[in-house]
Each structure stands twice: as structure tokens, then as C-alpha cells.
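Novice: How does the following fold in three dimensions:
(chains A and B)
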Amino acid sequence: MARKAGLFDLRLVIAVLFAIYGVVLLVVGLGFTDEADLAKADGLNINLWSGVGMIALSAVFAAWALLRPVIVPDTPVGESSGTRG
Amino acid sequence: MPVLAQVDLRLDAGPLDYTLLAVYFLFVLGIGFLARRSVSSSLDFLLSGRSLPAWVTGLAFISANLGAIELLGMAANGAQYGMATVHYYWIGAIPAMVFLGLVMMPFYYGSKVRSVPEFLRRRFGKGAHLVNAISFAVAQVLIAGVNLYALAFLLNLMLGWPIPLSVVIAAAIVLTYTALGGLSAAIYNEVLQFFVIVAALLPLTIVGLHKVGGWQGLVDKVTGGPGGAEQLSAWPATELTGIQNPVLSVIGIVFGLGFVLSFGYWTTNFAEVQRALSAKSMSAARRTPIIGAYPKMLIPFVIIIPGIIAALVVPEMVALKAGDDSAGVVYNNALPALIGELLPNGMLGIAITGLLASFMAGVAANVSSFNTVFTYDLWQDYVRKDRPDEYYLRVGRLATIGGTLIAIGTAFLAAGYGNIMDYIQALFSFFNAPLFATFILAMFWKRMSAAAGWAGLVAGTLGAVAVFVLAETGALDLPGQGASFVGAGVAFAVDIVVSVVVTVFTRPVPEERLVGLVYSLTPKEDRMHSTTGDDAGWYRSPLLLGIGVLVLTAVLNIIFG
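Specialist: Okay, here's the model as predicted:
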């Protein structure tokens, strides 16, 4: 039953999605925010700051995925803890 | 039908917002297609081949519960009752999640059962199994329908989409990825959904707090508002329970919500436990609910606080809170109303995506647990035994489709209640409250007989129904959520009494059949997890992690008590 455990790295999927979201919001926050948008969010440029936050989240997941890649075990999955022989 | 708002809650969504939403849908479907490659057996499809790491299953564990009803309902409770709503998290989830990981998971994961009903079959035989498998399957389809309805209602309110169209589109997306990639696709998407939901709610909370003048401004405004200062403290929550006496209210919270209702839900609901069963090792399975408990502890800050803020800054919600419901808003509108009030295009798209993501997390969890119970516990056990595995893989895919179609049909059953949470709580107290009593006896009392297994469940469920009927007809006067707490308590007590009495008069299950299922008959090494390789390190110790989250939760209770 020794099959591959990991299908694809979810951490990279999360990193890519939030990189896209982060960059879009950053651009909108920097270049396309008018007074009305600012007034709505009580003076905060929330698109800009959320974009920065999402890029940071993306970077954390990308770094985690690159530093600790998925290692496919060569022993059968679950052999260490199963009770059924 | 909930009162349709005369007030305009229509969000000003532009092309940018729709683009962000579309990007998310592409990712969700992409995960479904990628996950499909790993599905080659029914166990892969229905239980992810027991291969997932603990952080993935742990986040999926709470995301599966973070449906649209949870979000809207808890924000609504925040707007209506204030900080007392945190009990649904701190008392109503954390202790039960830690208990599941530390005490019960060794029997669930160690016995290699594929579902919660299957545990009952191995422990008690067919009676209890059939009762639980059927009630669970029915409940999941009902709840999936409630989730679908909540989403369609929300889309109609915020974006003006017709309700039938939104039901079908959303159901089609969930169906596509769960039918393709099975539980792996559902779980991977739940993890993605968790981050999108946080990415939507955290900025909303920050803008909201900024708007009311920071934390101190929030405190001042709530204190000066119609709810008064008591809405800022979690205890004794007399408004939430509907029990006037503060001491009895605290007892109601701790025993009704904290013990019976929450333990029943978190430790025996297969939609939750399934996430842990898909973990790659005993250690990872035990850590699943405990890792989930950490974000669960913090998430009320980005759900309940926006609810409270909505009742302070959205004019129609302020009026509603002051007792004037002429504007036509209901508390369930709190979260979308605040989003419309505060977020500009861009973040608005993320927020809409987050709400949609949370809806899909809920429905996918319902559907992916329904198909497993249907395939393994109903079809394989009672209809067609001993077929090759490909047959059951096909049944699993067809059950996914069938379950989704029934959920679309039941979506409109949800319509009769103003506060959707009441409806869900009623369902939980029927099906879940007696379950915990049966499981705890089953795992720790080897004498408990097979007949006691099903008799206790049936009697407990009837007890909960009786309380519900008494409360609905007015014979029992408990407004708020009090009736669910009492119903759950009655179900628990009736189940214990009936199980014990029936056991005394019936034959016990032979001990050799109970190895791995009952504490005193399971060798210690079978209950322990490995501490080597991927399971090594003090920070991967379930006990240490569990104690950590309990201590932190106690501290939060003191700060916000």
C-alpha cells in the first residue's frame, strides 16, 4: 500500500492565490483609490494595507513550502500507529 | 420567510470585485481537478487515503464548521447579545475539541473505523448503527439545504442574484470539486477557505474598530447603547440563555452549551471527526482538533466584534437594536450590512468571496460526510455487500451527486425561522445531544449492551424532541437559545438512564469483539501514538498542545469575563 501521500503542495496554492489578491489590492490601493473610497473606510486605505498583509501571508507560505518540501515516505503510510495488521 | 429587507443592502460590487470572486472559483475548481489524480480507491475518495498532515486537517476541522450560518448567525448573536456570544467558541467548542483529541481519538483512529456510525456498528451491532447512520445522513442533507438557502438569500440581498439561480450555481461548484476530488478536494478547499474568510473579516474588523474609535470607543458606545455595559462581558449571559437568574444562566451555559451540546456536536459529528480520520497518523489525528482549537479560540474576534460594531454604526441596525424594526433589517443582516457600510471596491470583492467561501465550506463538509456514511454505512452494510472497491467508489460519487440534489430541494425548509441559529441548534439537540452520552459509555463501560446502544439513542432523541415541542407550544418558557440547552441536557440524561437500565437487563457484548473500541480492553500501546519521524518533537505533543489552548482560553475568559 505504499502510495504517494502528497498530491500537490497546498501551501503553494495558498501562496499563489494570496499573491494575486495581494498585488491586485496593492495596485488598487496605490493607484485607484479616490476620496470617496477613503471616506467609506473611515480614512483608512484598507485596500493598500490588506494587500500588504496578503503579500506577507503569501510570502510566509511560499517560504514554508520551499524550506520544508513534502517528503514522500517510502514506508507504508500509517504503519507506525495502526492496530490492524 | 425571513422578512425581506425593505432597506437596501445591495452592495456596490464592481467589475474588480467580480474578478476577485472569479479568481477564487478558478482556484477552487482547480483543486478539485488536481485532487482527482490521487483518487484510485473508495478510501482515497471518501477518507483522503488517510494521508493528510495535521495542520491541514486541523484547519479543515474548524473550516468545515465555519459555514455561512455560523458566520451570519454568530455575527447576528454578537449584534443582539454582545460578547456573551463568545461562549459558542470558548465554552461551546474548545474543551470538547481538546477532549476529542486527547480522550476519544485513540478509539476512533486506532480502531480504523471509516466513520462515526461504523464505530457504533463495531461496538453495538446493527441497531445503534442504523439509528445513527440514518439520522446523520438525514441531518447532513437538511443542514446542507440550510447552508444553501443562507447563501442564496445572501447573494440575493447583496448582489441581486435570483435565489434559485444562486442555489444552483453554488451547488454546482461544490458538486464539481467534491465529485472529482472527494474528501481531499473538500479538505484542501476548506483550508484555502479558512484563509480567505480571515482575509475578508480581519480588515473589516480593523476598519470597524477604527470607525468606532478603537477598543475604548467600542466600550463607550456599547455601554451608552440600548444593551448596556453587560453586553461587553461574557458572563452570566442571561440574555443569551433566556434564563433570568444569573447563577442558573451560568449553569445553563456550562452544562447545556459547554458540556452536553458542544461535546455532542464536536466529538461525535462525523462531518468534523472525518477530518481527523483522514490524518496520516495517530499523532496527527489526535492533534487535528487541538490544532483547530487555536484559531477557533481567536476567530470570534473577527466575527462577533464586527457584529457588535454593526449594531453601532449601521443606521438601520442601530434602530433595530433600539427596538425599532420598521427599517426591515434583521440581526442576520449584521455582517453583510457592515461590509456594505465600510468596505470599498477591492476589499469588497474579497469580503464577498469570503462569505461565499464560508458557505461552500459548510456545504462541502455536509456533502462529503454524507457520501461516506451513505456509501460505507448504508449501502455497503445493508444494500450491496462484498462488491469490488471500484463499485463503492462509484457509489460514493453518485451519493455526492444525489446528496447535493436533495440539499437543493431542502434549501427552502430553512425559511421558517428569523434567527437561523435556532433552527440549527434544534437539529443538533435532536441528533447530537444523546450521541455523546452513548459514546462515552461505549468507550469506557465494557458492560454496556448492544440493546442499550440503540435504546439510549432513541430515548435521548425523543427527550430532545419533547423539550423542543414544549418550548415551541409555549408550555416551557425559554426565549433565546435556552430551549436548545435544556433539550440537550434532557437528551443526555435520558440517554444515560435508559442505557444503564437496559444494560442491566440485557446480555453484554462479548469482550473479544471490543478490543480497540473500549478503554479497559485496549492495550496501552494501541492507544498511544508514535513520537518519531513526522510525529517527533514536544511541539507535536497532543497533550501539551491541548493544555496550552485550554490555558489560553481560560485567560481570555478572565480578560473578557
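Novice: packing partners for the helix or strand A:A19 falls within?
Specialist: Here A:A19, judged by DSSP states H and E, is contained in helix A:10-31. Packing partners of helix A:10-31 (3 or more CB pairs under 8 Å, 6 or more residues apart in numbering or on different chains; DSSP states H and E): helix A:46-67, helix B:15-36, helix B:163-211, helix B:347-372. Any C-beta I mention is one placed from the backbone N, CA and C, and that applies to glycine too.
Novice: Report the inter-axis angle for it versus helix B:15-36.
Specialist: 170 degrees (axes from the mean of the first three to the mean of the last three CA atoms, to 10 degrees).
Novice: between helix A:10-31 and helix A:46-67, how big is the angle?
Specialist: Here helix A:10-31 runs at an angle of 150 degrees relative to helix A:46-67 (the same axes, to 10 degrees).
Novice: Checking the helix or strand that helix A:10-31 is followed by against chain B, do any of its residues make contact.
Specialist: As assigned by DSSP H and E, the chain's next helix or strand after helix A:10-31 is helix A:35-40. Yes. Interface with chain B: helix A:35-40 contributes A:36-38, A:40 (CB under 8 Å from any CB of the partner chain).
Novice: Name the stretch among the helices and strands packed on helix A:10-31 that sits most buried.
Specialist: helix B:347-372 (a mean of 29; mean count of other CB atoms under 10 Å in any protein chain shown).
Novice: right, is it up against chain A?
Specialist: Yes. Applying CB under 8 Å from any CB, one finds helix B:347-372 in contact with chain A at B:347, B:350.
Novice: buried subset of the residues of helix A:35-40 next to chain B?
Specialist: Using 16 or more other CB atoms under 10 Å in any protein chain shown as the burial test, these include A:37, A:40 as buried.
Novice: where does chain A dip in pLDDT?
Specialist: Within chain A, the stretches with pLDDT under 70 are A:1-7, A:70-85.
Novice: What count of nearby residues applies to B:L405?
Specialist: 12 (other CB atoms under 10 Å in any protein chain shown).
Novice: Could you check how far it is from B:M360?
Specialist: Separation of B:L405 from B:M360 (CB to CB, to the nearest Å) stands at 17 Å.
Novice: one step back: buried residues of the helix holding A:A19, list them for me.
Specialist: Under the neighbour-count criterion of 16+ other CB under 10 Å, helix A:10-31 has A:10-11, A:13-15, A:17-22, A:24-26, A:28-29 buried.
Novice: got a pLDDT number for B:V198?
Specialist: Confidence at B:V198, expressed as pLDDT, is 91.
Novice: How about it: what's its closest non-neighbour residue?
Specialist: Nearest non-adjacent residue to B:V198, counting by CB to CB, 6 or more residues apart in numbering or on different chains: B:V302, 6.7 Å away.
Novice: who touches that neighbour in this structure?
Specialist: The neighbourhood of B:V302, defined by CB atoms under 8 Å, 6 or more residues apart in numbering or on different chains, consists of B:198, B:201-202, B:204-205.
Novice: What of B:F33?
Specialist: B:F33 neighbours (CB under 8 Å, 6+ apart): B:180-181.
Novice: so how far is A:I46 from it?
Specialist: As judged by CB to CB, B:F33 and A:I46 stand 34 Å apart.
Novice: List the contacts of B:S135.
Specialist: Shown in contact with B:S135 (CB under 8 Å, 6+ apart): B:430-431, B:461.
Novice: Now flag whichever of those residues is closest to chain A.
Specialist: Nearest to chain A among these: B:F431, at 28.9 Å, using CB to the nearest CB.
Novice: Once you drop chain neighbours, what's closest to B:L378?
Specialist: That would be B:A133: by CB to CB, 6+ apart, it lies 5.6 Å from B:L378.
Novice: I'd assumed that neighbour was in a strand, is it?
Specialist: No. Read with DSSP: H, G, I helix; E, B strand; the rest coil, B:A133 is helix and lies in no strand.
Novice: my read: it touches B:D377, true?
Specialist: Yes. Using CB atoms under 8 Å, B:A133 makes contact with B:D377 at a distance of 4.0 Å.
Novice: what residues do the two have in common as contacts?
Specialist: Taking CB under 8 Å, 6+ apart as the criterion, B:A133 and B:D377 both touch B:115, B:117.
Novice: Next up, the contacts around the residue of the stretch 351-500 of chain B found nearest chain A.
Specialist: Nearest residue of the stretch 351-500 of chain B to chain A: B:T353, at 8.7 Å (CB to the nearest CB). By CB under 8 Å, 6+ apart, the residues touching B:T353 are B:20-21, B:24, B:196, B:200.
Novice: repeat for B:P106
Specialist: Contacts of B:P106 were listed using CB under 8 Å, 6+ apart, and they are B:282, B:286, B:522, B:526-529.
Novice: which of those residues come close to chain A?
Specialist: B:282, B:526, B:529.
Novice: Need the contact partners of whichever strand or helix holds the second one.
Specialist: When elements are defined using DSSP H and E, B:D526 is found to belong to helix B:524-527. For helix B:524-527, the external contacting residues (CB under 8 Å, 6+ apart) are A:83, B:106-107, B:110, B:516, B:519.
Novice: From those residues, which land in helices?
Specialist: B:106-107, B:110 (DSSP state H).
Novice: B:L552 contacts B:K296, doesn't it?
Specialist: No. Counting by CB under 8 Å, B:K296 is not a contact partner of B:L552; they are 11.2 Å apart.
Novice: So between these two, which is more surrounded?
Specialist: Per other CB under 10 Å, whichever of B:L552 and B:K296 has more neighbours is B:K296, with 24 against 16.
Novice: right, and that one touches B:M97 too?
Specialist: Yes. Counting by CB under 8 Å, B:K296 touches B:M97, with 6.8 Å between them.
Novice: Looking at the residues of helix A:35-40 next to chain B, spot the one nearest chain B.
Specialist: Nearest to chain B out of the residues of helix A:35-40 next to chain B is A:D37 (CB to the nearest CB; 3.7 Å).
Novice: separation between the closest one and B:M347?
Specialist: Distance from A:D37 to B:M347, by CB to CB: 9 Å.
Novice: shared neighbours of these two, anything?
Specialist: Listed as contacting both A:D37 and B:M347 by CB under 8 Å, 6+ apart are A:N47.
Novice: about what we covered before: what's the first helix or strand after the helix holding B:D526?
Specialist: Where DSSP H and E defines the elements, the next helix or strand beyond helix B:524-527 is helix B:542-560.
Novice: Mind listing residues that contact that next one?
Specialist: Contacts for helix B:542-560 (CB under 8 Å, 6+ apart): B:83, B:86, B:90, B:94-95, B:98, B:101-102, B:233-234, B:283, B:286-287, B:290-291, B:293-294, B:297, B:529, B:538-539.
Novice: Next: stretch B:402-411.
Specialist: For stretch B:402-411, using CB under 8 Å, 6+ apart, the contacting residues are B:140-142, B:144-149, B:152, B:167-168, B:171, B:174-175, B:178, B:363, B:366-367, B:370-371, B:374.
Novice: Including neighbour count, could the ones next to chain A among the contacts of B:P106 go into CSV?
Specialist: Output for these, formatted as CSV (neighbours: other CB atoms under 10 Å in any protein chain shown):
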residue, neighbour count
B:M282, 24
B:D526, 16
B:H529, 21
